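> Quick one: sequence plus predicted model below, questions after.
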Amino acid sequence: MAKRDILIIPDKRLRLKSDPVKTVDKSVRALVDDMFETMYAAPGIGLAAIQIGVAQRVVTMDLAKKDEPPEPLVFINPEVVWSSDEKSIYDEGCLSIPEYYEEVARPKAVKVKFLDLDGKPQEIEADGLLATCLQHEIDHTNGVLFIDHISKLKRDMVMKKFKKAAKRGEYPAFEKDEEPSHHIG
Ligand code: NI
């Protein structure tokens with residue numbers, strides 16, 4: 001296992017559409033191990049492979065609270081097959097847009113099909129934080145970021161700040177927030 005660097009905007013790779021995994025083999029399991037190590041170290045509750053520069057449709061997640069035992073979840077080739085009309089709002093953050101948070105409205109519940117680590121097809125129905133996180137990470141596999149769901153004015157402001165800071169090899173200072181449930185992934 002190895003902790004990998006997380007790509008930060010404006011890195012263009014974050015806009016790539018990831019490829020589906022053809023076979024869940026040893027290399028995919030090694031990727032998943034690295035993703036968990038990177039995600040837990042961040043700390044974040046979700047991560048998509050493209051965030052460490054691997055354009056494959058692989059997502060890791062752990063929504064357990066600090067005082068609960070870990071609950072690692074892996075979604076390979078995840079796809080939303082149903083979403084509720086009812087929306088819910090969550091104050092989202094992203095490990096690729098450090099320290100910036102904004103409210104995003106998404107379907108409150110979703111049904112997602114995916115492959116598990118044995119390559120077996122699975123389907124789950126999710127609501128609450130799991131539904132939000134799944135949608136956020138599936139967006140990453142399609143090159144979509146949570147700031148694409150906020151106003152253009154705010155998105156342009158965020159991109160400008162990150163572009164300017166990137167020239168100095170930094171990222172902009174926002175109010176720091178150590179609560180991992182905000183660091184959706
Ligand atoms: Ni993210």
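Yep, it's here.
> And what about Ala103, helix, strand or coil?
No Ala there; residue 103 is Glu. Judged by DSSP: H, G, I helix; E, B strand; the rest coil, the three-state class of Glu103 is strand.
> ok now do it, which residues does it touch?
Neighbouring residues of Glu103 by CB atoms under 8 Å, 6 or more residues apart in numbering: Ile89, Tyr90, Asp91, Glu92, Ile150. Backbone N, C-alpha and C define where each C-beta goes, glycine included.
> partner residues bridging it?
Beta-bridge partners for Glu103, by DSSP bridges, are Asp91.
> Now do the phi/psi pair for Pro78.
Phi and psi for Pro78, reported as degrees, to the nearest 10, are phi -70, psi 140.
> wait, doesn't it sit right on Leu134?
Yes - using CB atoms under 8 Å, Pro78 is in contact with Leu134, at 6.7 Å.
> about what we covered before: which one (most neighbours) among the contacts of Glu103?
Highest neighbour count within those: Glu92, with 25 neighbours (other CB atoms under 10 Å).
> Can you tell me how far it is from the ion?
According to CB to the ion, to the nearest Å, Glu92 and the ion sit 8 Å apart.
> ok, now which ones touch that residue?
For Glu92, the contacting residues are Tyr101, Glu102, Glu103, Val104, Thr132, His136, Phe146, His182, Ile184, by CB under 8 Å, 6+ apart.
> Give the closest residue to the residue in the chain that the ion sits nearest to in space, chain neighbours not counted.
Closest approach between the chain and the ion, counting by CB to the ion: Cys94, at 3.1 Å. Leaving aside its sequence neighbours, Cys94 sits nearest to Phe146 (CB to CB, 6 or more residues apart in numbering; 5.5 Å).
> quick one, phi psi at the one you found?
The phi/psi pair for Phe146 (degrees, to the nearest 10) is phi -60, psi -30.
> Confirm for me that it is in contact with Gln135.
No - Phe146 is not in contact with Gln135 according to CB under 8 Å; the separation is 9.3 Å.
> on that earlier part again, buried among the contacts of Glu92? Make that a ChimeraX selection.
Listed next is the ChimeraX selection for buried residues among the contacts of Glu92, using 16 or more other CB atoms under 10 Å:
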select :101,102,104,132,136,146,182,184
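> Going by distance to Lys111, which of the contacts of Glu92 wins?
Lys111 lies nearest to Thr132 out of the contacts of Glu92, by CB to CB, at 14.5 Å.
> For the closest one, which residues are in contact?
Counting by CB under 8 Å, 6+ apart, Thr132 touches Ser88, Tyr90, Glu92, Val104, Arg106, Ile184.
> Now do the same for the fifth one: helix, strand or coil?
Secondary structure state of Arg106, per three-state DSSP, is strand.
> Show me what from the chain comes close to the ion.
Residues of the chain that fall close to the ion, judged by CB under 5 Å from the ion: Cys94, Gly185.
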